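Colleague: sequence plus the predicted model coming up.
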Amino acid sequence: MGSKIVVAGVSSLYMAMPVAEFPLRYASLRFPDWMRAEVSGAACHIADTLRALGDEARLCTFVGEDVAGEAINASLRTRGLFGPGVVTAPSSSLGLVLVAPDGRRSGHPYVAAVNTVEYPVDVFRRLLRGVDLAVLTNTAFVRPLLGHARASEVPIAVDVHLITDVEDAYNRPWLEVADIVFCSHERLAGPPEQWVAGVFERYPGCAIAAVGLGGRGCLMGLRDGTLLEAAGVAPRGVMSTSGAGDALFASFLHGWLATRNPITALKDAVLHAGWKVGDTFPSATSLTEEELARLREDHPITMSLDRWDTAA
């Protein structure tokens with residue numbers, strides 16, 4: 001039986017299309033080779049990945065009373081994510097992803113429509129009952145929910161994405177309540193190892209701190225000083241890296257809750273994220289636990305161990 005997990009954050013209608021290069025050159029008209037419309041957003045993608053792996057994902061999100069909202073609701077129902085945590089808002093969040101030939105992406109989330117709405121605390125607190133973990137994405141409407149999650153004594157996982165340092169003012173409320181912290185390496189002010197050490201020093205409640213390294217895999221520190229690094233793989237090649245961090249985060253959480261083994265959980269997380277980026281829209285498809293186990297047989301992940309608490 002899988003874990004029970006609350007996931008709070010954005011569900012959006014996204015468009016994705018290819019571009020020849022970054023920076024994007026001006027053209028008055030283009031006919032792209034492909035274009036896709038899918039329902040994604042961090043919370044939706046995380047919840048869908050967890051559900052595919054066998055967990056019960058309770059999604060807390062807003063969906064608008066508009067055309068985009070009709071598409072979002074239909075998708076959530078099809079994927080088994082529609083439930084009492086899906087709350088109606090006046091407008092839906094939207095997004096656009098531009099994808100380069102090497103898989104690099106430029107994301108353009110439009111979340112203003114939901115960031116001005118207050119999520120009903122009673123709904124959130126009701127869905128927290130009996131869960132194993134709360135995944136609280138760093139979208140603005142989730143911030144008032146942080147204290148309620150902490151008061152419930154449910155473990156909390158957060159992904160602060162493109163953060164620069166541990167004192168980041170916007171993300172500090174999430175970092176202060178998190179037991180598990182993930183982020184991207186793309187904008188860190190220093191080496192990933194330094195970030196890991198800084199998180200543990202600044203936030204004593206954190207037990208696991210990880211940095212997604214893109215195609216290089218993931219670096220993860222544990223409170224006891226252990227430093228793990230899993231090398232990246234891409235079993236299907238790389239079509240788009242959009243949502244790769246969400247896939248890494250969600251897949252690790254599933255494995256960690258199921259086994260409490262950070263090594264096997266991190267290996268599976270890197271493998272699942274690497275498989276997903278072989279799609280033009282990575283958040284649109286996920287492996288089941290059985291499919292991931294079969295993939296693991298042909299694509300072993302290289303792991304190295306070190307320490308983050310060793311003085312330089």
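Modeller: Yes, it's here. Small disclaimer: the values here were computed from a predicted structure and weren't measured. Residues are numbered from 1 along each chain as shown.
Colleague: what helix or strand is the residue nearest the centre of the chain on?
Modeller: With distances taken as Cα atoms, centre = their mean, the residue of the chain nearest its centroid is residue 246 (2.2 Å). Using DSSP states H and E, residue 246 maps to helix 244-259.
Colleague: now the residue nearest to the centre of the chain: closest residue in space, sequence neighbours ignored.
Modeller: residue 45 (4.5 Å; Cβ to Cβ, 6 or more residues apart in numbering). Using the backbone N, CA and C atoms, a C-beta is placed for each residue, glycine as well.
Colleague: same question for the host helix or strand of that neighbour, mean pLDDT?
Modeller: Residue 45 is located in helix 42-52, with elements delineated by DSSP H and E. Per-residue pLDDT values across helix 42-52 average out to 98.
Colleague: which other helices and strands does the helix or strand following it contact?
Modeller: Counting by DSSP H and E, the element after helix 42-52 in chain order, helix or strand, is strand 56-64. Judged by 3 or more Cβ pairs under 8 Å, 6 or more residues apart in numbering; DSSP states H and E, strand 56-64 is in contact with strand 4-8, helix 42-52, helix 67-78, strand 86-89, helix 112-115, helix 121-128.
Colleague: which one of the ones you listed is the most hemmed in?
Modeller: Ranked by mean neighbour count under mean count of other Cβ atoms under 10 Å, these are led by helix 42-52, which reaches a mean of 28.
Colleague: now that one - C-alpha only, CSV.
Modeller: C-alpha atoms of helix 42-52 as CSV (Å, rounded to 0.1, in the frame of the first residue of the first chain):
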residue,chain,number,x,y,z
ALA,A,42,4.3,22.0,-10.0
ALA,A,43,1.6,20.6,-7.7
CYS,A,44,-0.3,18.8,-10.4
HIS,A,45,2.9,17.2,-11.8
ILE,A,46,4.1,16.1,-8.3
ALA,A,47,0.7,14.7,-7.4
ASP,A,48,0.4,12.8,-10.7
THR,A,49,3.9,11.3,-10.4
LEU,A,50,3.1,10.1,-6.8
ARG,A,51,-0.2,8.7,-7.9
ALA,A,52,1.4,6.8,-10.8
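Colleague: got a list of contacts for that helix?
Modeller: 2-3, 5, 7-12, 57-61, 76, 79-81, 135, 137, 139, 159, 243, 246-247, 249-251, 253-254, 272, 283, 286-288 (Cβ atoms under 8 Å, 6 or more residues apart in numbering).
Colleague: okay, the angle between that helix and helix 67-78?
Modeller: Angle of helix 42-52 versus helix 67-78, following axes from the mean of the first three to the mean of the last three Cα atoms, to 10 degrees, is 20 degrees.
Colleague: all the helices of the stretch 151-300 of the chain, residue numbers only.
Modeller: In the stretch 151-300 of the chain, the segments counted as helices under DSSP state H, counting those that start in this stretch are 172-177, 192-202, 244-259, 262-276, 289-298.
Colleague: quick one: which of those is nearest residue 308?
Modeller: Ranking the helices of the stretch 151-300 of the chain by proximity to residue 308 (Cβ to Cβ) places helix 192-202 first, at 4.9 Å.
Colleague: how far out from the middle of the chain is stretch 272-283?
Modeller: 13 Å (Cα atoms, centre = their mean, to the nearest Å).
Colleague: with stretch 298-305 instead?
Modeller: 22 Å.
Colleague: list of residues touching it?
Modeller: 217, 226-231, 233, 235, 263, 266-267, 270-271, 274.
Colleague: mind listing what the closest residue to residue 54 other than its chain neighbours touches?
Modeller: Leaving out its chain neighbours, the residue that sits closest to residue 54 by Cβ to Cβ, 6+ apart is residue 2, at 4.0 Å. Contact analysis of residue 2 by Cβ under 8 Å, 6+ apart lists 50, 53-56, 254, 258.
Colleague: let's see it at 7 Å
Modeller: Going by Cβ atoms under 7 Å, 6 or more residues apart in numbering, residue 2 touches 54-56.
Colleague: which one of these sits closest to residue 174?
Modeller: Closest to residue 174, out of all of the contacts of residue 2 and judged by Cβ to Cβ, is residue 55, at 21.4 Å.
Colleague: check the offset of stretch 204-215 from the chain's centre.
Modeller: Counting by Cα atoms, centre = their mean, stretch 204-215 is centred 12 Å from the centre of its parent chain.
Colleague: re earlier: select from the contacts of residue 2 the one having the most neighbours.
Modeller: Counting neighbours by other Cβ atoms under 10 Å, residue 55 comes out on top of the contacts of residue 2 with 24 neighbours.
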